[in-house]
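>>> Sharing a model prediction with you, sequence too.
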Amino acid sequence: MKIDHSLPLEYSTEENRLKILGFWIFLGAEIMLFATLFASYFTLYDRTGSGPTGAEIFHITPVLFETILLLTSSFTIGLGIHAMRLGRKKAMMGFFIVTLLLGLAFLGVEIFEFVTYVHEGAGIQTSAFTSILLTTLGTHGAHVTLGLFWGLYILIQVKRDGLTPETGNKSFIFSLYWHFLDVVWIFIFSFIYLKGMM
Amino acid sequence: MEFFERFAIPHPSFAIYASMVAAGLTLIAIVAGLTYFKKWGYLWREWITTVDHKRIGIMYLISALMMLFRGGVDAIMMRAQLAVPDNTLLDSQHYNEIFTTHGVVMILFMAMPFIIFFMNFVVPLQIGARDVAFPRLNALSFWLFFMGAMLFNISFMVGGSPDAGWTSYFPLADGESVGSHYYMIAIQIAGIGTLMTGINFITTILKMRAPGMTLMKMPMFTWASLITSVIIVFAFPVLTVALAMGTMDLLFGTQFFTLENGGMAMLWANLFWVWGHPEVYILILPAFGIYSEIISTSARRNLYGYKSMVGSMVLISLLSFVVWAHHFFTMGQGAFANSIFSITTMAIAVPTGVKIFNWLLTLWKGKIEFTTPMLYSILFIPLFTLGGVTGVMLAMSAADYQYHNTMFLVAHFHNVIIPGVVFAMLAGLTFYWPKMFGFMLNEKIGKWTAWLLSIGFLLAFMPMYVTGLDGQARRMYTYSESTGFGPLNMVSFVGAAIMAVGFVLIVYNIYYSVRYASRDISADPWDARTLEWATHTPVPEYNFAITPEVASSEALWDVKKKGHVLFKGDYEKIHMPNNSGVPFIMSCIFFAWGFSLVFSLWIPAIITTIGIFICMTLRSFEKDHGHYISVKEIEDTESEMRGA
């Protein structure tokens, strides 16, 4: 495996460069996936049947918590990648651990939020609106959950192998994924919650 | 007892029992044969775990041919049922299931793998690469597609097939039987595989081209594959979401497409066609690419209007996303929306026309050689144009009220898909056969096949235009004699039978050529123009011993006419990926997962979900840097191939 030391660690081999481009294209597909969910949401959001409307069930407090947690985690993973490029393994791992803990906390608040919805009579089967609401939020939440496992595996590998072109590449791709989830959340926050509470 | 009733056949008939016996015997024969000839190890090492794009391509080909016959039998049964008025060969439910599976199998499990076979086999060779960008992902793509196809195919024996048409409109797809569950889940599994193929090929084509091959020097088939991959990446996630929502409606009682509590059946129709219409171009663009290669090779001229060919494909890909609502002109969306979608739909005829003229101008003044692939390509031009013209007729939203849901529509889309896609696949199969297997298919039988298919096609589908305009509805399982549809439907049946003979002839051709064809052929039997013909036949594992350097889109032609040197420099060790069993095992678990969901077996569903995660975890921790082929090995292989 030829390593080009003039490039950052995550770009330093041919295979790494292929993987990063491939992942960007995958994110293109993910944008289409979430775009479809949003389009369906906008189609169905006032089709509440006998169930509650968005304004009736949305609460600002948990959503603000979720937003702050996820946005902060996007910042800390950025610091983690910066530390990785400087070759500081310990700092990098520290930032990744903080990121994953913030992600875990986000997920905790989201689960609490879902339980509240179900208690308020907004289960996934209630109406077309609650179906698409919980599916859109749930798809994002499932991505975060998957990301937690993924990040954990990468941490174990960085601890085991140190910062190599391979682990560096994996960490960088994971950070792209995590930032992407953050971007999706900003759309969820603006177009589902803020718009729904107006 | 109630538990087992779910797996029963809903409408037992002789045909279904016979096919169950046939499927069982085939399975036993395969297992016994593999054991007797001690081929299990070979099968596992050389094929099931392979990550070689050429072998994965060939596995796609085998699957596609198998599915062609499955879908073909469905077609013959439908034409037989409609051949005479008041026929009782099939009951209405059975007929519904057959036209549904015919559509799904032919589009998703026959045509899709067929084009992906060409992409897999041809693209890396055509751009001078050693493999695709992500060889293991490629294997996973194949096995997911295969398991999805198999899951769909067992539906008529276990539990019952989907019966709501290949579009599976809600609320028709109500999930009272497991048929619609099969539809949602099997297509989902196969669709994930296809999406990853798209990602893989965009990366491959953008990053792994041979030195000198700029984007505007790529061969036309590679261009078509690139654009197709882009459409795949943008269209398939829509299907993923639609199918997931449909699955949740059927299994978990959500309200997306229901008729109460705000559910909106029309949302399914929109999402389905936002994917479904680009899907049509996912099929046709690679077919156009294949025709371009064959026509320029057999006419001994470079392709006329290269830039306009590329431009028209890009334009088609963009337009393909803005025409979906023409599938429901008559469902009350209003005159304004109808007009917009009418115009965008007709606009697609323009870039398509550009391509037709480019092929004609390539033929003009060409020294045409009438090989079998060329015969298909030349038959394609008038037959496909006919289908294109009726397409423009259908695109007129006002006139569509006459055509809607009649056999006219059925005639139109078969008229574009058969000469457009199927002929291209058969032409390409004949064209690339020597590269794959080292011998040519018999030309004489090949030409008979092409003519039989064309004549059979005309007899089968032209009458449908007439009966359609006369009001014969599609999906109607029988009709009374007083309608007068009888004689023309009999002509259709005869045409379908002639086509069936044509397809059987393909099998005979393969058998005949395996036995009698000469093995003493060159690596470039068609005197072709592009890179895939510049390497040995059969193609060595590493494709090219030395990475070629190219100067135009017709690199091999340059070698022949301008003395261009493709291979400069010495052998160097070559890095290759290792085989892996994970894609196959993971896909098997996906199959079990899908089956569990179809029958709502929740405990196996949870176990298999965990199994899938375990596979992903193992893959994450695996350290596998592939292996190197040494210079010595390359020299040995190369001298052996040159000697042979």
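Nice, thanks for sending it over.
>>> Scan the helices and strands of chain A for the one with the lowest mean pLDDT.
Sorting the helices and strands of chain A by mean pLDDT, DSSP states H and E puts helix A:195-197 at the bottom, at a mean of 88.
>>> got the residues of chain A near chain B?
Within chain A, the residues that sit near chain B (CB under 8 Å from any CB of the partner chain) are A:1, A:17-19, A:21-22, A:25-26, A:28-30, A:32-33, A:36-37, A:40, A:43-44, A:47-51, A:124-132, A:135, A:149-150, A:153-154, A:156-157, A:166. C-beta here means a position set from N, CA and C on the backbone, and glycine is covered the same way.
>>> ok, B:Thr483 touching B:Pro85?
Yes - counting by CB atoms under 8 Å, B:Pro85 is a contact partner of B:Thr483 at 7.2 Å.
>>> and the nearest residue to B:Ser180 once chain neighbours are set aside, what is it in contact with?
Nearest non-adjacent residue to B:Ser180, counting by CB to CB, 6 or more residues apart in numbering or on different chains: B:Ala173, 4.1 Å away. Counting by CB atoms under 8 Å, 6 or more residues apart in numbering or on different chains, B:Ala173 touches B:Pro162, B:Ala164, B:Ser180, B:Tyr183, B:Gly246, B:Leu250.
>>> change it to 7 Å
B:Ala164, B:Ser180, B:Tyr183 (CB atoms under 7 Å, 6 or more residues apart in numbering or on different chains).
>>> Which strands or helices does the least confident helix or strand of chain A pack on?
The contact analysis (3 or more CB pairs under 7 Å, 6 or more residues apart in numbering or on different chains; DSSP states H and E) places helix A:195-197 against helix A:54-57.
>>> send the alpha carbons of the helix it packs on over as PDB?
Only the C-alpha atoms of helix A:54-57 are listed here, as PDB (Å, rounded to 0.1, in the frame of the first residue of the first chain):
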ATOM      1  CA  GLY A  54     -48.100  19.100  15.600                       C
ATOM      2  CA  ALA A  55     -48.800  22.300  17.600                       C
ATOM      3  CA  GLU A  56     -50.600  20.200  20.200                       C
ATOM      4  CA  ILE A  57     -47.800  17.700  20.900                       C
END
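>>> For that helix, enumerate the helices and strands it packs against.
helix A:195-197.
>>> so where is chain A shaky, pLDDT-wise?
For chain A, applying pLDDT under 70 flags the ranges A:1.
>>> biggest helix in it, by residue count?
In chain A, ranked by residue count with DSSP state H as the criterion, the top helix is helix A:128-161.
>>> What residues of that one count as buried?
Buried residues in helix A:128-161, counted by 16 or more other CB atoms under 10 Å in any protein chain shown: A:128-137, A:139-141, A:143-144, A:147-148, A:150-151, A:153-155, A:157-158.
>>> Kindly report the same for stretch A:93-110.
For stretch A:93-110, burial by neighbour count (16+ other CB under 10 Å) applies to A:93, A:95-96, A:98-100, A:102-103, A:105-107, A:109-110.
>>> now do stretch B:451-471
Burial within stretch B:451-471, assessed by neighbour count using 16+ other CB under 10 Å, is assigned to B:452-454, B:456-465, B:467-468.
>>> still on that earlier bit, show me how far the least confident helix or strand of chain A is from its chain's centre.
Counting by CA atoms, centre = their mean, to the nearest Å, helix A:195-197 is centred 22 Å from the centre of its parent chain.
>>> mind listing the strands for chain B?
Using DSSP state E, the strands found in chain B span residues B:574-576, B:627-629.
>>> ok, the last one: who's next to it in the sheet?
Note on strand B:627-629: by DSSP bridges, its sheet partners are strand B:574-576 (antiparallel).
>>> So which other helices or strands are in contact with the least confident helix or strand in chain B by mean pLDDT?
Least confident helix or strand, chain B: helix B:2-5 with a mean of 73, by mean pLDDT, DSSP H and E. Using 3+ CB pairs under 7 Å, 6+ apart as the contact test, no helix or strand touches helix B:2-5.
>>> Let me see the contact set for the residue of the stretch 301-450 of chain B found nearest chain A.
Among all residues of the stretch 301-450 of chain B, B:Phe321 sits closest to chain A, at 10.6 Å; criterion: CB to the nearest CB. For B:Phe321, the contact set (CB under 7 Å, 6+ apart) comprises B:Pro278.
>>> Then B:Asp400?
B:Asp400 makes contact with B:Phe329, B:Thr330, B:Leu394, according to CB under 7 Å, 6+ apart.
>>> Next: B:Ile115.
Contacts of B:Ile115 (CB under 7 Å, 6+ apart): B:Leu283, B:Pro286.
>>> Those residues of chain B touching chain A, which are they?
Residues of chain B found near chain A (CB under 7 Å from any CB of the partner chain) are B:133-134, B:195, B:199, B:202-203, B:206-207, B:233-234, B:237-238, B:240-241, B:245, B:252-256, B:260-264, B:267, B:271, B:617, B:620-621, B:625.
>>> By proximity to chain A, which residue of the stretch 451-600 of chain B wins?
Closest approach between the stretch 451-600 of chain B and chain A, counting by CB to the nearest CB: B:His575, at 7.4 Å.
>>> bridging residues for that residue?
Beta-bridge partners recorded for B:His575 (DSSP bridges): B:Tyr628.
>>> and it, what pLDDT?
At B:His575, the predicted lDDT confidence score is 91.
>>> That one and B:His625 touch, don't they?
No - under the criterion of CB atoms under 7 Å, B:His575 is not in contact with B:His625, lying 8.5 Å apart.
>>> Find the one among the strands of chain B with the highest mean neighbour count.
strand B:574-576 (a mean of 18; mean count of other CB atoms under 10 Å in any protein chain shown).
>>> how far does that one sit from the chain's center?
Centroid separation between strand B:574-576 and its chain, computed with CA atoms, centre = their mean, is 30 Å.
>>> Repeat that for stretch B:188-196.
For stretch B:188-196, the distance to the chain centre is 13 Å (CA atoms, centre = their mean).
>>> Give me the contacts around stretch B:135-146.
So stretch B:135-146 is contacted by B:50-51, B:53, B:56, B:59-60, B:63, B:113, B:132, B:189-190, B:192-194, B:196-197, B:200, B:577, B:580, B:583-584, B:586-587, B:590 (CB under 7 Å, 6+ apart).
>>> For A:Asp161, give its distance to A:Glu10.
For A:Asp161, the distance to A:Glu10 equals 14 Å [CB to CB, to the nearest Å].
>>> do B:Trp275 as well
From B:Trp275 across to A:Glu10, the span is 33 Å (CB to CB).
>>> likewise B:Pro351?
Applying CB to CB to B:Pro351 and A:Glu10 gives a distance of 40 Å.
>>> One more: B:Arg70?
Separation of B:Arg70 from A:Glu10 (CB to CB): 46 Å.
>>> With neighbour numbers in mind, choose between those two.
Legend: neighbour count by other CB atoms under 10 Å in any protein chain shown for B:Arg70 and A:Glu10, higher for A:Glu10 (25 against 19).
>>> Not counting sequence-adjacent ones, nearest residue to that one?
A:Phe172 (3.6 Å).
>>> Go ahead and confirm that neighbour touches A:Ile81.
Yes - at 6.1 Å, A:Phe172 and A:Ile81 qualify as touching, with contact defined as CB under 7 Å.
>>> Any of the residues of chain B next to chain A buried? List them.
B:133-134, B:195, B:199, B:202-203, B:206, B:233-234, B:237-238, B:240-241, B:245, B:254-256, B:261-264, B:267, B:271.
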